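>>> here is my input, please return the structure:
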Amino acid sequence: MNFPYQPEQLTAEWLTDTLRQAGVLNGTHITSFEVQPLSETAGIIGQNTIIRLAYDKSDDTAPKSIFAKFALAAEERRAHWQYKYINEVQFYKEFAHQVDVSTPQAYFSEFDEETGYALLLLEDCSYGELGDWIKGCSIERMRLVVIEIAKFHATWWEHPALPQYAWARMQDSEVNKLQERYLQIADTLDDVPEIPRDPELLQTIKDHAIHFSRWMKYQRQSSPYTLLHNDYHLNNLIFIEDHKLMILDWQTMSMGRGVSDVACLLGKVPIEDRRAHETELLKLYHDTLCENGVVGYSYDQCWDDYRMAIFDGFWKSVFVIANRRQTEAQLNLQRHVLGPRIFAAVLDLNSRETFSRLDTMQI
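Numbers count the residues shown, from 1 in each chain. Predicted coordinates for the structure are as follows:
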């Protein structure tokens, strides 16, 4: 073991050495610490904690607390979520330092291939305000959120190094399994009364299930591609007043069309907010791409890609509602808040119309 796998294996000596190597401690030593689990996230994908630190002497530059993400202790569940641990560790080791992206500073980032354990020690940003996808946020904050992800996308736009990161690309075998399950759901929609009985919505689900494989390949494997956060919504963002942003949770990072992150964001905000500001924010996204060096990608193409990308949240909501494997609170969130929002976005945008493009493309 080259790092603590679980919170109880932490020591003051190891924390001192690690933070010193990260350049955030000078002559001070950690004498004691307290691990505080974050109960609202514990046990789902990993163990998220805040570590309160005490030192042998006063040092205003030393962190008073750090955020720690441990892998699950149960071997079977840890293996199931392994790809998420790898993604986030790889982000902090290989990508975060290469771009001026607003994300917490990483003090330690490791994954043990033999055991499947992972550990991240990050800057504690709890002094900021966590976003709320249920309430939404001001248009000023939404502009900041769109600009930040556009700058990140521009850095990795068609980057020649990306194809070597096979772990960031969805494999065909996984796509085929998802389509098979999607088709099963589409064929038995009468058994899923939680999905509104709107004829257009039900037909859209069936049509998307048929086109799912080609749609996913277009989204994830066709040019232009960039690096995606792939879970970009307000609950994964911390606002430092109204002028700075911290982007959290890079566990689902992947390659694909950048506007997918914008679709994920806008598809989850309140319906009235999306309808009022959708066009403005997408234009801002495209303008920021261009200002940061992206060429050959028109606004019309960006808009069409957005209409197609909005299906990413759509199929995920259908799966959660139909599979009924989440907690009752999570199911209610999808049934009554997120599902209706993304369903409305797909219908508002007439996104089913984009399937005709897939039939003529060589994917």
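
>>> what's in contact with the one helix or strand Asp304 maps to?
Assigned by DSSP states H and E, Asp304 falls within helix 299-309. Contacts to helix 299-309, defined as CB atoms under 8 Å, 6 or more residues apart in numbering, come from residues 215, 218-219, 257, 259-260, 262-263, 282-283, 285-286, 289, 349-351, 353-354, 357. Where you see a C-beta, it was placed from the backbone N, CA and C, and this is true even at glycine.

>>> tabulate the CA atom coordinates of that helix in PDB.
What follows is helix 299-309, C-alpha atoms only, in PDB (Å, rounded to 0.1, in the frame of the first residue of the first chain):
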ATOM      1  CA  TYR A 299     -22.800  28.500 -35.000                       C
ATOM      2  CA  ASP A 300     -25.400  26.700 -37.100                       C
ATOM      3  CA  GLN A 301     -23.400  23.500 -36.600                       C
ATOM      4  CA  CYS A 302     -23.200  24.200 -32.900                       C
ATOM      5  CA  TRP A 303     -26.900  24.700 -32.600                       C
ATOM      6  CA  ASP A 304     -27.700  21.500 -34.500                       C
ATOM      7  CA  ASP A 305     -25.300  19.600 -32.300                       C
ATOM      8  CA  TYR A 306     -26.900  21.000 -29.200                       C
ATOM      9  CA  ARG A 307     -30.300  19.900 -30.400                       C
ATOM     10  CA  MET A 308     -29.000  16.400 -30.800                       C
ATOM     11  CA  ALA A 309     -26.900  16.400 -27.600                       C
END
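
>>> max-length helix in this protein?
The helix spanning the most residues in the chain, taking DSSP state H as the definition, is helix 199-221.

>>> next, the buried residues of that one.
Counting neighbours by 16 or more other CB atoms under 10 Å, one finds that the buried residues in helix 199-221 are 201-202, 204-206, 208-209, 211-221.

>>> what comes into contact with that helix?
Helix 199-221 has contacts (CB under 8 Å, 6+ apart) with 169-170, 172, 175-176, 178-179, 182-183, 185-186, 189, 195, 254-257, 260, 308-309, 311-312, 314-315, 318, 343, 346-347, 351-352, 355, 358-359, 361, 363.

>>> please redo it, this time with the cut-off set to 6 Å
170, 175, 179, 182-183, 186, 189, 256-257, 311, 318, 343, 352, 355, 358, 363 (CB atoms under 6 Å, 6 or more residues apart in numbering).

>>> ok, stretch 337-348 next?
201, 267-268, 271, 310, 313-314, 317, 321.

>>> re the thing from before, the longest helix of the chain versus helix 299-309: what angle between them?
120 degrees (axes from the mean of the first three to the mean of the last three CA atoms, to 10 degrees).

>>> next one: the next helix-or-strand element following helix 199-221 to chain centre, how far?
Using DSSP H and E, the helix or strand that follows helix 199-221 in sequence is strand 226-228. Centroid separation for strand 226-228 versus its chain: 11 Å, with CA atoms, centre = their mean, to the nearest Å.

>>> please apply the same query to stretch 330-337.
Using CA atoms, centre = their mean, the offset of stretch 330-337 from its chain centre is 19 Å.

>>> just the CA atoms of the helix or strand Arg78 falls within, as PDB, please.
Secondary-structure element containing Arg78, defined by DSSP H and E: helix 75-80. Extracted C-alpha coordinates of helix 75-80, given in PDB (Å, rounded to 0.1, in the frame of the first residue of the first chain):
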ATOM      1  CA  GLU A  75     -14.700  -5.000  -3.200                       C
ATOM      2  CA  GLU A  76     -17.600  -5.700  -5.600                       C
ATOM      3  CA  ARG A  77     -19.000  -2.200  -5.400                       C
ATOM      4  CA  ARG A  78     -15.500  -0.700  -5.700                       C
ATOM      5  CA  ALA A  79     -14.900  -2.800  -8.900                       C
ATOM      6  CA  HIS A  80     -18.200  -1.600 -10.300                       C
END
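
>>> between the contacts of helix 199-221, which sits nearest Tyr92?
Gly256 (20.1 Å; CB to CB).

>>> which ones are touching the closest one?
Taking CB under 6 Å, 6+ apart, one finds 219-220, 225, 228 in contact with Gly256.

>>> ok, it to Ser223 distance?
11 Å (CB to CB, to the nearest Å).
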